[in-house]
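In: Sequence below, structure please.
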Amino acid sequence: MKRKRTFGTPRLLGIVWPFIAVVLFQALLGCGSLYVLSAVRGYVGGESLWSKGQKDAIYYLTLYADNRDEVTYLKYQHAIAVPQGGHELRVALDRPTPDLDAARLGILKGGNHPDDVSSVIWLYLNFRHFSYLEKAIELWAVGDSYLVQLDNLAQEMHAAISADQVNANDVRQWKVRITAINDGVTPAAKAFSDALGEGSRVILRLLLITNLTTALGLIVLALLRTHKLLSQRHAFATALQVEKERAQITLASIGDGVITTNVDGAITYMNPAAEALTHWKSSQAQGLPLAALFNLLDDNAQPDGFTLIEHIVKGQLRGGSEHAKTIQRLDGSTVSVTLVGAPIRSGDRVSGAVLVLHDMTQERQYIANLSWQATHDALTGLANRREFEFRLEQVLYPLAHQQVGRHALMFLDLDQFKLVNDTCGHAAGDELLRHICALLQSDLREGDTLARLGGDEFGILLENCPPAAAEKIAESLRHTVQSLHFVWKGRPFVTTVSIGLVHISHTPTTLEASLRAADMACYMAKEKGRNRVQVYHADDSELSVRFGEMAWVQRLHMALEENRFCLYSQEIAALNHTEGGSGHIEILLRLHDEAGRIILPESFIPAAERYGLITSLDRWVVENVFAIIARCLHERPGRPMAMCAINLSGITIGDDDFLGFLRDKFASYRIPPEMICFEITETSAIANLASAIRFINELKALGCHFSLDDFCAGMSSFAYLKHLPVDFLKIDGSFVKDMLDDPINRAMVEVINHIGHVMGKRTIAEFVETPQIEQALLEIGVDYAQGYLIERPQLFTFDSLQCRPVRPQPLLFKAPGTFR
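Out: Predicted coordinates for the structure are as follows:
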């Protein structure tokens with residue numbers, strides 16, 4: 001329901017339109033009156049010409065009877081032509097279908113001015129049955145009958161005179177007949193003239209009454225409009241008072257501190273929140289400068305509150321532009337705030353300033369927690385992959401500038417860790433990881449970095465460590481893990497670890513090369529039987545050959561050539577069932593190996609990314625998804641279709657040619673861009689931030705959507721989120737799956753959802769496996785859910801694209817992991 005508008009400047013047209021309507025009505029009435037009077041004047045003038053012509057005709061015909069002169073007869077014919085024109089006009093307009101052309105000729109023949117032709121015809125056709133005009137027309141017809149008799153007599157006389165067969169008796173009879181005709185037509189002509197005169201007077205009286213009535217209406221309307229304006233003014237005053245009271249209540253109830261000052265900087269008002277921030281009462285602070293309440297401490301702050309007010313008044317601290325400050329109260333305590341200031345204007349003059357203070361204490365705590373989460377693993381508390389790579393890059397940087405240094409890099413991969421997860425569940429696996437992390441950390445030196453790189457993989461950076469010492473530490477770590485006796489619910493497990501060790505000397509190397517070498521060494525440790533330390537040597541031919549033989553590169557090339565990839569889809573369901581749209585699905589990539597078994601992407605995507613094949617895989621996915629959508633659009637036109645989310649890697653985002661490839665495919669397959677949502681991981685987006693922003697903006701200009709996957713899984717997420725114009729945030733499943741048991745995970749979900757909504761983005765929760773998790777997400781306000789509870793992955797077909805308004809019943813089981 002629309003809210004009734006109380007305030008607002010009255011529009012001029014809204015006030016004066018009734019007066020304009022009356023004036024227009026009067027103008028139209030005047031124009032109509034003049035037109036009618038003009039027509040009446042035409043008839044009156046025509047009647048005068050008709051009477052004169054009739055009299056002249058009788059006179060010349062009588063004279064013709066005496067002198068029998070042809071010239072006199074011609075004068076008669078000229079005189080009789082005027083009333084004959086009026087007769088022809090009436091006869092032409094009395095026909096069932098009026099003959100307007102004949103009527104115009106009759107009017108002109110009757111001697112009327114050409115400008116009167118239209119009005120005379122209009123009046124006759126539209127008002128012929130008006131009482132006075134109808135009577136005049138009847139008398140007109142009577143007069144015309146006498147004129148017909150007169151003209152018949154004239155033709156008889158002219159014929160006799162032309163034949164020279166006239167005697168005195170004939171002349172006497174003609175004169176008697178002329179006199180009789182004159183005696184009959186004269187009263188009719190007078191009556192016709194009287195009827196027209198009376199009609200014109202009636203019309204004049206009607207027009208006078210109408211104009212007086214209109215004037216009276218205008219006076220009444222003016223009184224009514226004036227009364228309404230006075231009522232509106234009273235309503236405005238009442239509403240203004242209500243708004244003022246509402247503003248006072250609002251200012252007293254909001255959580256931000258609000259301080260108003262006059263133009264000189266003296267405080268005029270403080271709301272309760274400002275009192276709490278400054279430890280001053282409003283009544284005590286009134287009239288004091290800001291500097292008497294607190295000091296600003298950061299480098300950009302001015303030394304006193306009066307200068308701050310000057311900046312606000314000059315527009316240098318505009319409303320809507322937040323400025324982070326720290327204020328120090330008189331008792332020495334400090335609080336972090338954001339300041340927003342704006343001048344208060346009265347007309348064109350600045351009369352004061354308003355300062356809004358927002359307490360940032362809680363937000364700073366959130367940011368600190370999220371910053372820690374961005375660089376640490378939530379399960380173990382160790383540094384995460386991004387932080388580990390950052391520290392490794394800091395170590396490699398001096399080497400690139402020929403500065404001497406000896407360091408060591410290790411990759412550790414737990415052997416048979418999957419057995420623990422599969423037999424005892426994720427809880428057992430998580431507990432084992434925590435135990436191992438504690439043991440590993442105890443064997444390291446102070447200053448060494450231990451990081452969890454993902455799953456059961458760990459990285460260790462030993463700074464300033466000679467090769468012999470590094471190998472001794474690696475062997476000690478292997479022995480420590482092997483010595484751990486892990487028991488879960490009475491079931492013992494043997495734990496071992498495969499370690500790849502890389503010595504980083506003064507030779508310049510890159511981050512990628514170092515990580516690849518450690519990965520290769522760790523891989524070889526597993527290949528050689530696990531539970532061992534493999535030291536990487538660049539000239540180790542066995543390492544290079546064995547790794548090359550087992551690498552995924554060749555297998556992926558063959559899979560692409562043999563088209564052994566396939567597409568699955570999984571529904572992303574709206575938790576708010578009132579939301580419209582045609583649905584949302586994620587496209588999942590799978591590989592059929594040489595034996596026909598389904599290989600999940602986590603097995604080959606890392607290799608594809610590491611060795612430059614991921615862009616080819618992404619192109620294959622886009623090509624095949626577009627082909628299926630295009631076929632569905634062609635064969636099932638008009639049906640609602642789901643939006644398809646396609647995963648893209650960070651390498652693909654940085655490929656300039658890929659943008660052109662996408663544009664070509666959109667054009668060739670004629671796919672509506674709004675049907676496509678590209679998913680990029682938080683890691684890849686932030687690692688290639690500039691490329692990601694450009695890539696997203698280019699495709700959003702076409703109409704595509706974007707989703708940020710694995711959000712908050714390990715990056716400084718919120719620091720970068722405001723720079724990424726994505727539409728959806730996918731909350732990492734590691735927070736969702738245990739949110740019912742772990743209050744920290746639930747808090748993370750709530751914070752991510754809240755901040756995502758504040759930034760105008762919709763949120764998607766992964767790993768929704770139970771109705772209880774779904775209910776918790778619904779309570780939090782998450783927009784979408786994805787997981788085995790919603791739908792198991794299925795082959796991507798036409799049916800996958802159809803809108804599914806009703807979700808199947810929840811399936812109570814655990815999902816084995818994340819699907820790309």
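In: What degree of burial does residue 638 show, as a neighbour count?
Out: Other residues lying near residue 638 total 6 when counted by other CB atoms under 10 Å. The way it works is simple: take the backbone N, C-alpha and C, and place the C-beta from them, glycine included.
In: what does residue 75 give?
Out: Using other CB under 10 Å: residue 75 sits among 18 other residues.
In: Would you mind confirming that it makes contact with residue 60?
Out: Yes - shown here, residue 75 and residue 60 form a contact pair, counting by CB atoms under 8 Å, at 4.6 Å.
In: mind pulling up the phi and psi values for residue 492?
Out: Here is the backbone geometry of residue 492 (degrees, to the nearest 10): phi -90, psi 150.
In: wait, what's in contact with it?
Out: Residue 492 is in contact with 485-486, counting by CB atoms under 8 Å, 6 or more residues apart in numbering.
In: Any regions of the stretch 251-400 of the chain where pLDDT drops low?
Out: Within the stretch 251-400 of the chain, the ranges that satisfy pLDDT under 70 run 298-310, 313-324, 347, 399-400.
In: Distance from the helix or strand hosting residue 560 to the middle of the chain?
Out: Residue 560 belongs to helix 553-561 when elements are defined using DSSP states H and E. The chain centre lies 44 Å from the centre of helix 553-561; the measure is CA atoms, centre = their mean, to the nearest Å.
In: Show me what it is packed against.
Out: Applying 3 or more CB pairs under 8 Å, 6 or more residues apart in numbering; DSSP states H and E, one finds that helix 553-561 contacts helix 605-610, helix 614-635.
In: Report how many residues lie close to the nearest residue to residue 56 once chain neighbours are set aside.
Out: Leaving aside its chain neighbours, residue 56 sits nearest to residue 79 (3.6 Å; criterion: CB to CB, 6 or more residues apart in numbering). Residue 79: 20 surrounding residues under other CB under 10 Å.
In: show me the contacts for residue 79.
Out: Listed by CB under 8 Å, 6+ apart, the contact partners of residue 79 are 53, 56-57, 59-60.
In: That one and residue 602, how far apart?
Out: According to CB to CB, to the nearest Å, residue 79 and residue 602 sit 118 Å apart.
In: Ok, residue 333 next?
Out: Taken as CB to CB, the span from residue 333 to residue 602 is 52 Å.
In: Looking at those two, which has the bigger crowd around it?
Out: Remark: of residue 333 and residue 602, residue 602 carries more neighbours, 13 against 10, as counted by other CB under 10 Å.
In: Can you check my assumption that the more buried one lies in a helix?
Out: Yes - looking at residue 602 with DSSP: H, G, I helix; E, B strand; the rest coil, it is inside a helix.
In: Contacts for the helix or strand encompassing residue 461, please.
Out: Per DSSP H and E: residue 461 is located in strand 457-462. The contact list for strand 457-462, computed with CB under 8 Å, 6+ apart, reads 382, 385, 388, 391-392, 395, 407-414, 437, 440, 444-445, 448-453, 469-470, 473, 477, 518.
In: re earlier: ok, and the most crowded of the contacts of residue 79?
Out: Among the contacts of residue 79, residue 57 has the most neighbours (other CB under 10 Å), with 28 neighbours.
In: part of a strand, is it?
Out: No - per three-state DSSP, residue 57 lies outside any strand segment and is helix.
In: Return the residues in contact with it.
Out: By CB under 8 Å, 6+ apart, the contact list for residue 57 reads 76, 79-80, 83, 147, 150, 154.
In: contacting residues for residue 783?
Out: Residue 783 is in contact with 574-576, 579, 762-764, counting by CB under 8 Å, 6+ apart.
In: An error on my part: the question was meant for residue 573.
Out: By CB under 8 Å, 6+ apart, the residues touching residue 573 are 584, 784-786, 790-791, 807.
In: buried subset of the contacts of strand 457-462?
Out: Applying 16 or more other CB atoms under 10 Å to the contacts of strand 457-462, the neighbour count classes 382, 385, 388, 391-392, 395, 407-414, 437, 440, 444, 448-453, 470, 473, 477, 518 as buried.
In: re earlier: mind listing what's buried in the helix or strand hosting the residue nearest to residue 56?
Out: Here residue 79, judged by DSSP H and E, is contained in helix 70-93. Within helix 70-93, the residues that count as buried by 16+ other CB under 10 Å are 72-73, 75-76, 79-80, 82-90, 92-93.
In: Show me how the record splits the chain into domains.
Out: What automatic domain parsing lists as the domains of the chain is 21-218, 254-359, 381-550, 556-730+791-801.
In: just how off-centre is the first one within its chain?
Out: It stands for domain 21-218. That offset, for domain 21-218, works out to 74 Å (CA atoms, centre = their mean).
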